[in-house]
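J.: turn this into a structure:
(one chain, ligands or ions: 1)
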Amino acid sequence: MKVHLPVRKAILNRRTYEAPAEGRSDKVRLDFNENTSGCSPAVRRALAKLTTKQLAMYPEYQAPTRRIARHFGLRPEEFMLTNGGDDALRVFFDAFVDSGSSILICEPTFPMYRYYAEIYGARIAVLRHGRDMEFPLEGLIAALRKKPRVLFIANPNNPTGTLLQKEELRRILKAATHTAVVMDEAYGEFSGFTAVPWIRKYPQLFVAKTFSKVAGLAALRLGAVIACEDSLALVRRAMPPFPVNLAALVAAEAALNDRATMQRYVNGVKQLRAWFAAELQKLGVKTYASAANFLLANFGPNGPALFQKLEKQGILLRERSKDIGPGFVRITIGTQSEMQRLLKSIRKEWKAQPWTATPKRN
Ligand SMILES: Cc1ncc(COP(=O)(O)O)c(C=O)c1O
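T.: Numbering: from 1, shown residues only. The predicted structure follows:
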């Protein structure tokens, strides 16, 4: 049907978002950086206790927000819940970005920064990570002189796994005098670093969090924005009244109250990540140092054929040939048995047809 609707130019120029693959539940899901060990059993118990009355009521946020904020060592004024990490990023566009104003990103990175920027008609200033996925610090400091409205940095970065050094972060914050700096810590728990305490010193700093990764609650869509009270008050003005559902709140509290399960998962990821990277390196596959629950690897020119074979065997990885280079892939660190199965399949294919991997450099 022909439609003549006054759609915004930025929308007119876009294609519809291609929804990610479905039908993944019975496969080895090493493609979305999910917690494949699953959340704390306490979450299921807490959800089962929800009453009919609670489900009929609009959610009340004050008490749960206060309790969840306390887990992060924060006052409720410094903490805002959002509908997933994606929503925690979108709100910066509503609060700071007019059509034509600019945002700054360092690619390859999480694609939602670019995605929202395109929808909002923002200009996108892009820096690239180096050949070895080094963070483009000097370029970034120079780019901040142009006063972009928002700088988005995933720390650790997805898909490179790169973690900023404290001194680098300090330099960025000192240079960002007229820019909101969003530290997206979706994978912060795996890195051992968080910029959260820095909000008390830098009013331009915002930390974005998600419960999809370490807490294993991707289906429930819960995220958060953390900043000093006055800066967060500005962002709050762009939020709808009921962004978060009650089930997500109940689940998040139960997950946070069971620190031991999360810590076990984090420790397991770190061990498996080191072991798996070493095994890939033995096969001549280049890997990049990662501070997250995934690993970026370069399998070289024959990588794409390998990834297809693995997919046929029900092992899903996130190929990055298109945006980083042929043979690049991001591999989520799953359970021990998932990683062993993946390695076995890679080795088998390797014997059948050794691919030309990038030469080992370290
Ligand atoms: C860097 C980064 N930020 C934010 C998110 C968003 O997470 P969610 O919307 O599931 O909370 C992701 C998800 O993959 C991510 O990789």
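J.: the ligand contacts on the stretch 101-250 of the chain?
T.: The stretch 101-250 of the chain has residues 110, 154, 158, 184, 186, 210, 212, 218, 223 near the ligand, with proximity defined as C-beta under 6 Å from any ligand atom. Heads up, the C-betas are built off the backbone N, CA and C, glycines and all.
J.: and the second one, what is it in contact with?
T.: With contacts defined as C-beta atoms under 8 Å, 6 or more residues apart in numbering, residue 154 is in contact with 109-110, 184, 186-187.
J.: can you check the pLDDT for it?
T.: On the pLDDT scale, residue 154 is placed at 98.
J.: quick one on the thing from earlier: secondary structure and distance to residue 117 for the residues of the stretch 101-250 of the chain next to the ligand - can I get that in JSON lines?
T.: Formatted as JSON lines, those follow (DSSP: H, G, I helix; E, B strand; the rest coil; distance: C-beta to C-beta, whole Å):
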{"residue": "110", "secondary structure": "coil", "distance to residue 117": "12"}
{"residue": "154", "secondary structure": "strand", "distance to residue 117": "15"}
{"residue": "158", "secondary structure": "coil", "distance to residue 117": "17"}
{"residue": "184", "secondary structure": "strand", "distance to residue 117": "14"}
{"residue": "186", "secondary structure": "coil", "distance to residue 117": "18"}
{"residue": "210", "secondary structure": "strand", "distance to residue 117": "19"}
{"residue": "212", "secondary structure": "coil", "distance to residue 117": "22"}
{"residue": "218", "secondary structure": "helix", "distance to residue 117": "24"}
{"residue": "223", "secondary structure": "strand", "distance to residue 117": "18"}
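J.: give the buried residues for the longest helix anywhere in the chain.
T.: If you go by DSSP state H, the chain has its longest helix at helix 259-282. Residues 261-262, 265-266, 268-270, 272-273, 276-277, 279-281 are the ones in helix 259-282 that count as buried (16 or more other C-beta atoms under 10 Å).
J.: same question for stretch 198-207.
T.: Here stretch 198-207 shows 198-199, 202, 204-207 as buried, counting by 16+ other C-beta under 10 Å.
J.: now, which of those residues sits nearest the ligand?
T.: residue 207 (11.5 Å; C-beta to the nearest ligand atom).
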